[in-house]
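S.K.: just the structure for this:
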Amino acid sequence: MASREMYKATCAECGKECEVPFKPDGKRPVYCRECYAKKRPARRY
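M.R.: Residues are numbered from 1 along each chain as shown. Model (predicted):
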């Protein structure tokens, strides 16, 4: 499995530096894993 290229980004919520698998374009906010998990509604099955 090829490793994907990671890009450094700053979380729009907490300001922490994180890495994301896409190049941030500056148009949409980028969130770290923790903040992204908080923003997404919990899945309930």
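S.K.: what ranges does the chain have for its strands?
M.R.: Under the criterion DSSP state E, strands of the chain are mapped to 7-10, 17-20.
S.K.: who's in contact with the nearest residue to P29 once chain neighbours are set aside?
M.R.: Once flanking residues are discounted, P29 sits nearest to A12: 3.4 Å by C-beta to C-beta, 6 or more residues apart in numbering. All C-beta atoms are positioned from the backbone trio N, CA, C, and that covers glycine. With contact set as C-beta atoms under 8 Å, 6 or more residues apart in numbering, A12 has these partners: P29, V30, Y31, C35.
S.K.: now for the last one, how many residues are close by?
M.R.: In this case it means C35. C35 has 18 neighbours, counted by other C-beta atoms under 10 Å.
S.K.: ok, so of the contacts of A12, who is nearest E17?
M.R.: V30 (10.5 Å; C-beta to C-beta).
S.K.: touching, the closest one and T10? I think so.
M.R.: Yes. Contact criterion C-beta atoms under 8 Å: V30 and T10 qualify, at 7.1 Å.
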